[in-house]
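> Kindly generate the corresponding structure for this input.
(chains A and B)
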Number of protein chains: 2
Amino acid sequence: MNATNRTIMIATAAAFAFLATPGASARTPSGRDIYHNGIPGKVTGCASCHGAKAEGGGGGQFPRLAGLPAKYVEMQIRDFRDGKRKNAIMAPMAKGLSDADAKAVAGYIAGLKAPYTPGKVPAAQTRNAGALLVTVGEPAKGVPGCADCHGPTLQGGGPEIPPLAGHSESYLLAQLKAYKSGDRPAGPVGLMGGVAAKLQESQMQDAAAYIASLKPGESPRIPRPERSHWKPHPQNPDNFAPPPVTALPSQPQERQMILLGERIYENTPKYASKYVGNKMSCRNCHLERGRDAASAPMWAAVPQYPKYRGKNKTVNTFVMRNQGCFRYSENGKPPPADSKVMVALLTYMHWMASGLPIGVKPKAAGYPKVDDPDKKPSRERGKVVYASHCAVCHGEDGQGHVVAGARTFPPLWGPDSYNWGAGMHRVNTAAAFIHANMPLGAAGSLTVQQAWDVAAWIDSHPRPQDPRYKGDLEQTRKQFHKNHPYDFYGEKVDGMILGEPGTLEKWEHEHPSGGG
Amino acid sequence: MNATNRTIMIATAAAFAFLATPGASARTPSGRDIYHNGIPGKVTGCASCHGAKAEGGGGGQFPRLAGLPAKYVEMQIRDFRDGKRKNAIMAPMAKGLSDADAKAVAGYIAGLKAPYTPGKVPAAQTRNAGALLVTVGEPAKGVPGCADCHGPTLQGGGPEIPPLAGHSESYLLAQLKAYKSGDRPAGPVGLMGGVAAKLQESQMQDAAAYIASLKPGESPRIPRPERSHWKPHPQNPDNFAPPPVTALPSQPQERQMILLGERIYENTPKYASKYVGNKMSCRNCHLERGRDAASAPMWAAVPQYPKYRGKNKTVNTFVMRNQGCFRYSENGKPPPADSKVMVALLTYMHWMASGLPIGVKPKAAGYPKVDDPDKKPSRERGKVVYASHCAVCHGEDGQGHVVAGARTFPPLWGPDSYNWGAGMHRVNTAAAFIHANMPLGAAGSLTVQQAWDVAAWIDSHPRPQDPRYKGDLEQTRKQFHKNHPYDFYGEKVDGMILGEPGTLEKWEHEHPSGGG
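Numbering: from 1, shown residues only, chains lettered A, B, ... in the order given. Predicted structure coming up:
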């Protein structure tokens, strides 16, 4: 008898034992009741398999449930019930739960906390391969790192994106396999199904073993040997490969500076707090730590500067270009050129550009061009696209998500998003970015028209003032916004004049959850 | 009868006419007397051929003399007299002048001012070729631009380096040919002989025609077409060719920024006056406008940054590296990263580095290594080398030269030179620079031992304090100077402790000519 069959028998026995208990209450059960005691005559208590603290049981066979987002748990119960998520034990349980029961028990589970003991640290090869998948994924195949969606400590990414931390290796591996085989639904936007389809079984094993070995609160880390054999060498700018993400220079101070730059890049509000006025990081617009060729990679920007920019009508050094990002996309103030923040970012970005010829613009520079839409972009259509394709990560209210104190997805409008001077506020720029890259891990699933429509929806919400505004909306619009065909600055939308003083504050007042 | 023979006849007739004049005075003649009236019975007056104002005559055949440096004129008279400078007319004149006469007439000539009318502007091809030779020379052959020694308006470079401005095309061409044929001595350090030997006759014609066409006070300019066909392209870092000096980007603001950067580079005290505390320019240590592969070219520095520097024990951006030059070699204060001076310099330097792979150190980076000397460098031997090879340009007192208000050669010590924190204050660095590059236009003419000796002589003179000095010479020496085997900071030389407060001031008081 294998472990699975044995635990099924135990679980079934426990269920029948419960059904046999006389005098079970007939009142509507609470989530706590259901979890611990089940519903007499219908389902056994979850605790009997998943543990009294929902810490999981059966040697990893019954997953930890404590702290799973309520919405996610409800979805699973529904999927078990409908047979979309195939599971012999859970199917009958789910069928015994009404929608109200499911909601109640999901809410109870979400509030539970339970300690856990990490699995054993795997051997170096598995550990390194797993760590790389968890942090970086496999960009060449369009596989994001697990942490990209499930959060920097794998604490979960939002109401529909569960934590991975605390799960057993066997459970994680089984789920990846189930996503690949179709025994689990592909998940929101089909994301996990798509990701799992691209993974080899050995990769699933590496990732599962590595995740299970992480201590509570531990961040997965890119494996980086003390010395790498990679050395900068001349490269073709149109067929460029940045240094492997595992490589660093051997000079200790340069190494540390690059790592600091990467930290700032990945979590700008935390590591460059003095200079950031919103909740956005460099990584939000330039994916794969600035390496993604489809989202204006940092390496492709480096060799172009100093160069003239129409935006400020002068020759910009690369420092000045970065300062522009802080002023607009970060809605903050420019870090001085000799500040540690700027030096670290520059060192990080130059390292990524190793081998590119100075002064030659690589083809990957800037966002890819997107075709013109057939129809004028429509906020109304965009709203629908947003709900089906974007809201899972960026939230129904566009404010992204914060889980366990850590931001997982950026806000797309409101006070904590990019301001009216940022490039991304222009519908054409946003459409290009979205079409080439979104949804993360499922790029290419939006049509050109959908990309333009959803960009119009996103960019027609209140956001922080254009820092070039000097008290006259119309003048600011004429001077800085007139040449952009799809620019909502100064436009009337839903009874608001976008960019008008007070509009953002009014919106904020009506959306107190904003900001995370 | 050709023009030369006719003028010889006229001149000779005039001389005889003079000799025939009765009642010529027997008193010691003044320079003015000699110039205008000659010395009865010996020489005819210079004015009869060279003009009453020394403006030249005979359609360019008799050169303009007004304002020629006295020392240079004396040298010529001596050379005519000795037959080293071959000239049928001047030889008998020179023989008629005693050393005292020569000195007197040379002094008078030096004080004369005379207007001149430039020659006609030559056709584009000649003009461009001439302008390039005059400004840049032919670096591949080791030919400096004429302006490098004769000054930015060809106003003359020092007591032994005459102005070229105001001379006729025919005279200039004849002199270049005479240098090449040996009809004129090769000049101080053999420089002009060496340069002329490398020129084709067509080059001589181009240069002569261009120089003669310049208006009084006009600077020769690098010919730069509005549009050049050169575009940045990937290049091998160890076999690198910077953009042609005539090429510029077509984007107007970038073009202007590069030209401003080049101006600052070439005359830093003038165009970056706020940030310069001495009389040195970038060009003085990094030759050929920062292109010379043998003097730490700017293009080879660009791709290396950001990188760690032991000097300030941190990772330096390229801005910070440039700021270091201003602090030490320029004895000034660092231009802010966003100052126009810094942006212009960066834009200029990045342009020169076009095509170099980022992060790859080109072989030309830094000064070339120089072999160790056989004997310990000697100030005494160095002093002799200095007098024979360096003083003509840098002055007997090391203070360089200023002619007609424009600096032509930099001071090597004293208050207007680099300070005790600059790389060049180290004898090994100076020896490497000198051996590879000096004398300008005659590189390779000093042995390794001579380079070390003269470097020791130069770097054992008072100069501005190390800006890292905080009141304790010994502490500064131990912290910043102990690792340099040939560092005179804190050493006792000629009864002075170098670097000790007051030493420079005392030296300055004793050398009031310093500073130019």
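> alpha carbons only for contacts and neighbour counts from here, please
Fine.
> Kindly report the residues of chain A close to chain B.
For chain A, the residues found near chain B under the criterion C-alpha under 8 Å from any C-alpha of the partner chain are A:232-236, A:251, A:253-254, A:257, A:303, A:305-308, A:314-317, A:320, A:337-338, A:343, A:346-347, A:350-351, A:353-360.
> Among those, name the buried ones.
Buried residues within those, counting neighbours by 16 or more other C-alpha atoms under 10 Å in any protein chain shown: A:232-235, A:253-254, A:257, A:303, A:305-308, A:315-317, A:320, A:337-338, A:343, A:346-347, A:350-351, A:353-360.
> where do the helices sit along the stretch 151-300 of chain A?
Applying DSSP state H, counting those that start in this stretch to the stretch 151-300 of chain A gives helices spanning A:169-181, A:191-197, A:201-213, A:252-266, A:268-271, A:287-290, A:298-301.
> Would you mind giving those as JSON lines with mean pLDDT and distance to B:Arg32 added?
Listed next are these as JSON lines, based on pLDDT from 0 to 100; distance: least, C-alpha to C-alpha, whole Å:
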{"stretch": "helix A:169-181", "mean pLDDT": "97", "distance to B:Arg32": "104"}
{"stretch": "helix A:191-197", "mean pLDDT": "97", "distance to B:Arg32": "97"}
{"stretch": "helix A:201-213", "mean pLDDT": "98", "distance to B:Arg32": "97"}
{"stretch": "helix A:252-266", "mean pLDDT": "98", "distance to B:Arg32": "70"}
{"stretch": "helix A:268-271", "mean pLDDT": "98", "distance to B:Arg32": "78"}
{"stretch": "helix A:287-290", "mean pLDDT": "97", "distance to B:Arg32": "77"}
{"stretch": "helix A:298-301", "mean pLDDT": "98", "distance to B:Arg32": "68"}
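> Out of the ones you listed, which one sits most buried?
Among these, helix A:298-301 has the highest mean neighbour count (mean count of other C-alpha atoms under 10 Å in any protein chain shown), at a mean of 26.
> After that one, which helix or strand is next? Please name it.
Remark: after helix A:298-301, the chain's next helix or strand is strand A:307-309, criterion DSSP states H and E.
> could you say what helices and strands that following strand packs with?
Counting contacts by 3 or more C-alpha pairs under 8 Å, 6 or more residues apart in numbering or on different chains; DSSP states H and E, strand A:307-309 is packed against strand A:314-316, helix B:252-266.
> repeat that with 10 Å
strand A:314-316, helix A:318-327, helix B:252-266, helix B:340-352 (3 or more C-alpha pairs under 10 Å, 6 or more residues apart in numbering or on different chains; DSSP states H and E).
> could you dump the ones you listed to a markdown table with distance to B:Thr126?
Output for those, formatted as a markdown table (distance: least, C-alpha to C-alpha, whole Å):
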| stretch | distance to B:Thr126 |
| --- | --- |
| strand A:314-316 | 34 |
| helix A:318-327 | 40 |
| helix B:252-266 | 23 |
| helix B:340-352 | 26 |
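> To A:Gly490, which of the ones you listed lies closest?
The minimum distance between A:Gly490 and those falls on helix A:318-327, with 20.0 Å, by C-alpha to C-alpha.
> Kindly export the closest one (C-alpha atoms) in PDB.
Below are the C-alpha coordinates for helix A:318-327, written out as PDB (Å, rounded to 0.1, in the frame of the first residue of the first chain):
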ATOM      1  CA  PHE A 318      22.900  58.400 -18.600                       C
ATOM      2  CA  VAL A 319      22.700  59.800 -15.000                       C
ATOM      3  CA  MET A 320      20.300  62.500 -16.200                       C
ATOM      4  CA  ARG A 321      18.200  59.800 -18.000                       C
ATOM      5  CA  ASN A 322      17.900  57.800 -14.800                       C
ATOM      6  CA  GLN A 323      17.100  60.900 -12.900                       C
ATOM      7  CA  GLY A 324      14.200  61.400 -15.300                       C
ATOM      8  CA  CYS A 325      12.800  58.000 -14.300                       C
ATOM      9  CA  PHE A 326      12.900  59.100 -10.700                       C
ATOM     10  CA  ARG A 327      11.100  62.300 -11.400                       C
END
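> Now do it, average pLDDT.
The pLDDT scores in helix A:318-327 average 98.
> can you give me the angle it makes with helix B:318-327?
Using axes from the mean of the first three to the mean of the last three C-alpha atoms, to 10 degrees, the inter-axis angle of helix A:318-327 relative to helix B:318-327 is 120 degrees.
> who are the neighbours of helix A:318-327, in terms of helices and strands?
Secondary-structure packing of helix A:318-327 (3+ C-alpha pairs under 10 Å, 6+ apart): strand A:307-309, strand A:314-316, helix A:340-352.
> Can you tell me what sits against the second one?
Taking contacts as C-alpha atoms under 10 Å, 6 or more residues apart in numbering or on different chains, the residues outside strand A:314-316 that touch it are A:304-310, A:321-322, A:324, B:252-258, B:338, B:340, B:343-344, B:347.
> Return the distance of that strand from the chain's centre.
34 Å (C-alpha atoms, centre = their mean, to the nearest Å).
> separation between the residue of the stretch 151-300 of chain A found nearest chain B and B:Thr314?
Here the residue of the stretch 151-300 of chain A nearest chain B is A:Pro234; by C-alpha to the nearest C-alpha that distance is 5.2 Å. A:Pro234 is 26 Å from B:Thr314, where distance means C-alpha to C-alpha, to the nearest Å.
> what about A:Gln125, which helix or strand?
Using DSSP H and E, A:Gln125 falls in helix A:124-135.
> I'd like to know which elements whichever helix or strand comes after that helix is packed against.
Using DSSP H and E, the helix or strand that follows helix A:124-135 in sequence is helix A:146-150. In terms of contacts (3+ C-alpha pairs under 10 Å, 6+ apart), helix A:146-150 is packed against helix A:124-135, strand A:406-409.
> contacts for helix A:146-150?
The contact list for helix A:146-150, computed with C-alpha under 10 Å, 6+ apart, reads A:131-137, A:152-158, A:161-165, A:192, A:195, A:207, A:211, A:219-221, A:287-288, A:393, A:403, A:408-409, A:440-441.
> centroid residue for chain A?
Geometric centre of chain A, nearest residue: A:Cys149, 3.4 Å, by C-alpha atoms, centre = their mean.
> Could you check how far it is from A:Gly400?
Computed as C-alpha to C-alpha, the A:Cys149 to A:Gly400 distance reads 11 Å.
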